[in-house]
Structures are given as C-alpha cells and as structure tokens.
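My questions concern the predicted model and sequence given below.
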Amino acid sequence: MEPLMAYVVGGLFAASIYMILRRSIVKLVIGLILLSNAANLLIFTASGLTRGAPPLIPEGAQFPDPMPAADPLPQALILTAIVIAFGVLAFAVVLINRAYEILGVDDLDLMKETDA
Amino acid sequence: MNVEVLVVLPVLLPFLSAALSLMTWRSQVAQRVIGVGGTALLFVASCVLLYTTYHEGILVMEMSNWPAPFGIVLVSDLLSAIMVLMTGIMAFTVVIYSLSATDPEYEKFGYYPLMHLLHGGVAGAFLTGDIFNLFVWFEVMLMASFSLLILGGSRGQMEGAIKYVTINLVSSVIFLSAIGLLYGMTGTLNMAHIAVVLQGAESPMVTVVAMMFMVSFGIKAGSFPLFFWLPASYHTPPIAVSALFAGLLTKVGAYALFRMFTLMFMDDVQFTHNIILWAGVLTMVTGVLGAAAQFEFRRILSIHIISQIGYMLMALGLLAHTDIRSEVAVLALAGGIFYIVHNIVVKTNLFLVSGVVNQLLGSYELKKLGGLYRHKPFLSLLFFVSALSLAGLPPLSGFFAKFAVIRAGLEAYQWVPVFFGLLVGALTLYSMVKIWMYVFWRPLPEDHPMPERLNGKWDPKTIWMYAPIIVLTIATILLGVYGEPAFQVCLAAGEQLVDPSQYIEAVNPMDHMWLGEGE
Amino acid sequence: MIESKSLILHTATRFLLPLQLLFSLFLLLRGHDEPGGGFIAGLVAAGAIALYLFAFDVPSTKRMLRASPHDLFGLGLLLAAVSGIPALFLGKPYLTALWWELEFPFFGEIKLSTPLLFDIGVYLVVIGSVLSIVMTLAEAE
C-alpha cells in the first residue's frame, strides 16, 4: 500500500506545482488546493498505514482491540490541516476575486507593478 | 494561580482583545480603547514573563493538563521570553502610532481585531513547545497578515498579496510535509521529545527533513535565495502594517530556525549549519545591493530587512565551526539574539519615520522628497539616530549587535563571512545616507511645491505618531550605551540554547512514557 | 446578485433551515464523546444559512440573522478563550476541563463543562467565519 500512496502523493505534488507555475490566477488556486491535499496524504502515509484497526479502547479494557491499532494522531493532524487549508483557500478565492475586479487581469505575468 | 499562568497570558490576552474588538466593531472609540489597553496589558505581561523566566528558569505549562509529550506544551525559555517581550513592545508602539496614522476607513474593516490576532499568533509561535502547534500559530499569524495586507485594496496591494499568499502557502505546505515525515520517524510532536529521540540518530533522512524545515523557515524569514516575495509585498500595505510586518514577521522565521537548529537538528552540524552560514552571507549581500538600487523609501527599508536577516543566519551558522558547548557558540547565539532585538526596534522605527514623512510631504519617492532637515530638525534627528544604528555605528545598538556577531565570527576563524559582514555594514550606511541626502538634507525639488503642512504649527494630533518613534529611538540608544544588562540576558539565552538538556528537562517528556520510547 | 426565483427552493428553505439548525445543535451537544462537535456543527449551521442566502439575498439573510458574522466570530472567540480561564484560578493549566453536574426537575442530570463552552465558541467562530466569506463572495457577484 505504501508504494502506491507514495506515487499518489508524488503525482499530486507534481500536478500542483505544474498548476502553480501556470500564469492564470485561477489555476494558481487550483494548484494550492492540490498542494494542501498532497501534504495531507503525505502525513497519512509517512506515519504508517494501518487497516481495520480503529484506535478505540473497549469499555473496561486497558489496550485497544485489535492490539496494533491505527495511530489516531496523524488523523487529528490531517483534520486540523484540512480545517486550516479550508480557511486559507477560502481567503485565497476571495482574494483572487477581488484582485481580478481591481486589476482586471488574471495573468500573473501582467502583475508587475510591485516588482522592482 | 501558579506562576506558570504567565506563559499563557501573552497568547490569551491578544485573543481576548481580538474577540472584544470584533464584537465592538461598530464603535471606533471602543476599538481604540481595546487596542491600546490590550496591547499595554500584553506589554506588561511580556515584561513580567521575561523577568520571571530570567530569575526562575524555564517555565512550562501543559495545556489542558495533558502531560508532555501527549499534550501541547507552552514553554518559555529565555529566547522565547525575549521574543515575546519584543512582540509586546512592537504591539504597543505600533498601536499607539496607528491612532493617528491609520485611515478611519481601515478601522472599520477590522484593522484592530486583525492586529490583535497577529500579535496572538506571533506570541503563540514563540511560546509553543509542540511542532504541529507551531504550524498552527504560523497559520493564525499568516491569516491575520493576509487580511491586513489587503486592507484598503489598492492595485499594488492586490498584486503584492497574491505573491505573498502563494509563497507563504507553499512554505506552509513544505513545513507541514516536514512535520509529517518527522512524525513518521520519531513518533512524537513534542519538540523536546523529538530532540531526545533524534540524539545520535545519524540518519540521512533526518538531514533531509532538517533541510525541508530550513527551506520553509527560510522562505518565511526571507533568506537567500527565497526572499523575492518580500520586496514585492512589504511596502504595499498601510504604513503601520508595514512597520509591524517588518519588525515581527520575518523574525518569527528567524526564531524558528534558531529553535530547530539548536534543539533538534544538531547531529550534522557541519552540513546544515554551513548552509545556514553561507545562505546568511549571500542574504546580506543581495539584500544590501538590492536596496542600493532603489529610490522608494519603504522599498529601500523592505529590502534592507533581507540583508539584516543575513546577520542573524550568520550567527546561527557559525555553530558549524565551533564546539557547540564552547563560549564562542554562546557568543554567536547571543549576538544573533541581540541582533534580532536591535533589528526589530530599529527597522520598525524607520518604517514609522517613513510614515511621518509621507504624511508631511505626501510621497514615498525619494526624488519627490526633500528639505525636511530645515523644517523638521527633530524628526531628522530621530531618523538619523535610527539609520546610523541600522548601519552599525557606535555607540548605538546596531554597533554592539554587529560587534558580537563579527567577534564570534573572528573567534571561529571565519574570515570570509566576517569580511562580508563588515562590507555590508558599510553598504548599509550608503543606503541610509542616500535616504538622508534626498529626504532630509537637500532642498525640496523645485517642481514639487512645499505643502502647507510643513510651515504650519505643531499639530497636537501628531503626538501619537511621534511618541512611539521617540520611545524606539531612545530604546536603540539605550541598547547601545547601556546595553550590558540586555546583552547579559542574551548571553544567558545563548547558554540555554547550547545546552538543550535544560529545555528537555523542563518539559520532561520522558516522565510519562509508560509505553517505552517511541517506535 | 444571485436571486433565485424558484418557488421550490424558497419553500424548501423555509422548512429546511430550522431542521438543519436543530441538527447542528444536536451535533454540537453530542460531540464530547461521540462523533460531532463544534466545528462540524458550525459547518452544518453555516450550510443552512448559506442555503437561505442562495434562496433569498444578502440583505434578507442579514435581517434573518439579526447579528453580523463579525459579532458571531467575536463572541465565539471570546467564549472559547474564556472557557480555559476558570482552570487557571484553580491552579490548573489553561484549558483544563472542569465539570459540574446539575440536577434539573424534568431533565434529570445535566453535565455542564468548560469543554462545552469551548465547543459553543468554536461553533460560533465557524459560523461567523464561513458566513463572512460566503457573504463577501455573494456581495461581489
């Protein structure tokens, strides 16, 4: 399972970087969305994949059943990261909308006003 | 209440102020009262925190009573406490400044709540002892900074914001990926616990992850070759926002580098810290050369931030060429910390001065400015002191900050970085003299008539703009002529950094490891 | 400005809005031990109000809410931040959970706690932030 996930993560990173390097700001945001998903899957894969073993301790027991249970922490990390990415990307969507209204272009190459 | 309450106050107070300020967004007066009151409390709390940390040692609070390493800990060692104190000072002075400098329109669009959230995020990043929590504080800080950056919505701000947001998101994702990989290796997120697990690990993967952290924080700090977003965005927002960003935000990246590369990644010092050292040298050279080519007040100052970051990185990088427990290492780190303190004060102050100049003459372009020395000699004096301090002339704070870093470089026999450190100091003086000549010394260009404001009487409202500048200028003089106590605190902070066992013992992540050490 | 003329959407929204808000409260209150909690409940509630926004328009949604998203955000942030403070006065770390069990005549035993306060804070923050984003986008149309 891990090798497959590694390819998926690598593919997502590659796709997102390709999109970020495009000139259109809409594609830029799509690239950012893919990028945060790639990072989430990377956390999931790097911290070990476990199948069918929820990290729950039955009532009265001392240890989870079955014993090598899934690690709940990466799931919590990913949940937090998804929430943060949700907030940031919502902001990014509002930003490109405002930027398009004010600048009238969606081409990053034409946004040179602040460059030295 | 225990003394540990002090650790949570610098995070809690800004969030309470932000909440109150959000609920009273209809009233300008209430927002201002909360703004001044909240940041004043933050300043007092951060002073008490530093005093207590200096006298009683590292303070730790385990949030929600979850023992380390399972819960999130807030840790205040001397480095954190110093940085939190700087946050408090900057928060207070910039809020006072914005009382008369900020457009009332911005105040309606949530200027004060966002400021408070930014302070809270920065203080949280300085205090947390959990690496994922550090990521969360970075994001809190970034969300607030994104919104502050587009306050007003001019064309330049939109362009700057798109670049700033994109680069910072990419940096955050690199940071997050590095946390994921590090968790996969060590099975923990507590920084002290990671340090224990990584001791003597000597795995090449650790170095890979260390480099990911370096790239991520390098982007946030604005180090070579990752600084390009900074000059494109920092000069665009309202001046009080620029001043706060210039003072604090890049320093959070520098702080994170100092923390990670003294506590956790100390196994391959020759490799990692050498990269930091040379990145630092290139950072200061490119920054100062970039500034020499500019003719816009804020832009010169923005690009100078980069060159100043270089000295901080150089101080950290010197660890590659000394014995980590030696006095040279302590001196290098203390110099780096003192440099951060000095730079936060001086850089913010210069931005505040540029705001006053803009208010008086209505421009930031050097070629349209002039004649201020004749009409406003006191303002000129304030600028002159800060500019000389930035360039590193005695007896101001910049001299002793540079002196400490360069002396550590000499004792580590690093001639090339030392040479560039001195050269960049001279070039900094060139940029500052350029601003001085154009804005203050020469007469106003003839095709730009003198605004009425210059000859008018002293406007009592501008006292709120002058007061913070005067305070910060006195601070930079004091840090110079009477800098010994401050430098002693920095030396003590450096001693704590070279001996991570103090930090680890204070957090004590091993006490509860009833399942044995991680996998 | 999007303004749906669909009678079906208008009518359905009037019935769905209270149901969704009730469901969000249910999620909020069961969240301590079981799936649910402030964040997801806040999203459900914000979804309900966003549906109202699609069916009608921004001014009428603001009238229906009677509070601006900023107020909700601020109140939520305040509740969440304050919920950790009682523990400080008992000499415990910030955010330590405190529980009180109360007996009520008809409901029986009710457990009140600071985590509940925190969850309500999160609930309001999520509603406030999602709505301010959605309203900004809707107003920009």
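Okay, I see it. Residues are numbered from 1 along each chain as shown, chains lettered A, B, ... in the order given.

ok, and the closest non-adjacent residue to residue 72?
Just so you know, I chose chain A. Using C-beta to C-beta, 6 or more residues apart in numbering or on different chains and skipping the chain neighbours, the partner closest in space to residue A:72 is residue A:55 (4.2 Å). The way it works is simple: take the backbone N, C-alpha and C, and place the C-beta from them, glycine included.

oops, chain C please
That would be residue C:128: by C-beta to C-beta, 6+ apart, it lies 3.5 Å from residue C:72.

for the strand or helix carrying that neighbour, packing partners?
Using DSSP states H and E, residue C:128 falls within helix C:114-140. With contacts taken as 3 or more C-beta pairs under 8 Å, 6 or more residues apart in numbering or on different chains; DSSP states H and E, helix C:114-140 sits against helix A:72-103, helix C:7-30, helix C:38-55, helix C:58-65, helix C:69-82.

Identify each buried residue in the first one, please.
Right, helix A:72-103. Buried residues in helix A:72-103, defined by neighbour count with 16 or more other C-beta atoms under 10 Å in any protein chain shown: A:73-74, A:77-78, A:80-81, A:84-99, A:103.

follow-up on the earlier one: any chance of the helices and strands packed on helix C:114-140 in JSON lines, plus mean pLDDT?
Formatted as JSON lines, these follow (pLDDT from 0 to 100):
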{"stretch": "helix A:72-103", "mean pLDDT": "89"}
{"stretch": "helix C:7-30", "mean pLDDT": "91"}
{"stretch": "helix C:38-55", "mean pLDDT": "91"}
{"stretch": "helix C:58-65", "mean pLDDT": "86"}
{"stretch": "helix C:69-82", "mean pLDDT": "92"}
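
Take the ones you listed and write them to TSV, including distance to residue A:63.
Formatted as TSV, the helices and strands packed on helix C:114-140 follow (distance: least, C-beta to C-beta, whole Å):
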stretch	distance to residue A:63
helix A:72-103	14
helix C:7-30	26
helix C:38-55	29
helix C:58-65	48
helix C:69-82	33
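
Count the residues that sit near the closest residue to residue A:97 other than its chain neighbours.
Leaving aside its chain neighbours, residue A:97 sits nearest to residue C:140 (5.7 Å; criterion: C-beta to C-beta, 6+ apart). Look at residue C:140: counted by other C-beta atoms under 10 Å in any protein chain shown, it has 12 neighbours.

just to revisit the earlier point, for the residue nearest to residue A:72, which three-state class applies?
With DSSP: H, G, I helix; E, B strand; the rest coil as the basis, residue A:55 sits in coil.

circling back to that earlier point, the residue nearest to residue A:97 reaches residue A:101, doesn't it?
Yes - the pair residue C:140 and residue A:101 passes the contact test of C-beta atoms under 8 Å, sitting 6.9 Å apart.

Ranking helices and strands of chain B by mean pLDDT, which lands last?
helix B:452-455 (a mean of 65; mean pLDDT, DSSP states H and E).

Now do the same for the very next helix or strand once past that helix: mean pLDDT, whole number.
The first helix or strand that comes after helix B:452-455 along the chain, using DSSP H and E, is helix B:463-481. Mean pLDDT, helix B:463-481: 91.

How about stretch B:67-82?
What stretch B:67-82 shows for mean pLDDT is 90.

can you check stretch B:183-198 too?
The model assigns stretch B:183-198 a mean pLDDT of 90.

so how far is it from its chain's centroid?
How far stretch B:183-198 lies from its chain's middle: 27 Å, per C-alpha atoms, centre = their mean, to the nearest Å.

what about that stretch and chain C, touching?
No - against chain C, stretch B:183-198 shows no contacts by C-beta under 8 Å from any C-beta of the partner chain, the least distance being 15.0 Å.

pLDDT wise, what is the residue nearest to residue A:72 at?
76.

burial of it, as a residue count?
Per other C-beta under 10 Å, the neighbour tally for residue A:55 reads 12.

Kindly report the same for residue B:467.
The number of residues packed near residue B:467 is 15, by other C-beta under 10 Å.

How far does stretch B:486-505 sit from its chain's centre?
The chain centroid and the centroid of stretch B:486-505 are separated by 19 Å under C-alpha atoms, centre = their mean.

which of the residues in it are buried?
B:486-487, B:489-498, B:500, B:502-504.

again with stretch B:290-308
The neighbour-count check on stretch B:290-308 (16+ other C-beta under 10 Å) flags B:290-291, B:294, B:296-308 as buried.

So which of the helices and strands packed on helix C:114-140 is nearest residue B:408?
helix A:72-103 (38.0 Å; C-beta to C-beta).

which other helices and strands contact the closest one?
The elements that helix A:72-103 packs onto, with contact taken as 3+ C-beta pairs under 8 Å, 6+ apart, are helix A:25-46, helix B:131-149, helix B:155-186, helix C:114-140.

Next, work out how far apart the closest residue to residue B:407 other than its chain neighbours and residue B:460 are.
In space, and not counting its chain neighbours, residue B:407 is closest to residue B:331: 6.7 Å by C-beta to C-beta, 6+ apart. Residue B:331 sits 47 Å away from residue B:460, taking C-beta to C-beta, to the nearest Å as the criterion.

cool, residue A:44 as well?
Taking C-beta to C-beta, one finds residue A:44 at 60 Å from residue B:460.

Who has more neighbours out of the two?
residue A:44 (18 against 8).

didn't the more buried one look like it was pressed against residue A:74?
Yes - with contacts counted by C-beta under 8 Å, residue A:44 reaches residue A:74, the gap being 5.8 Å.
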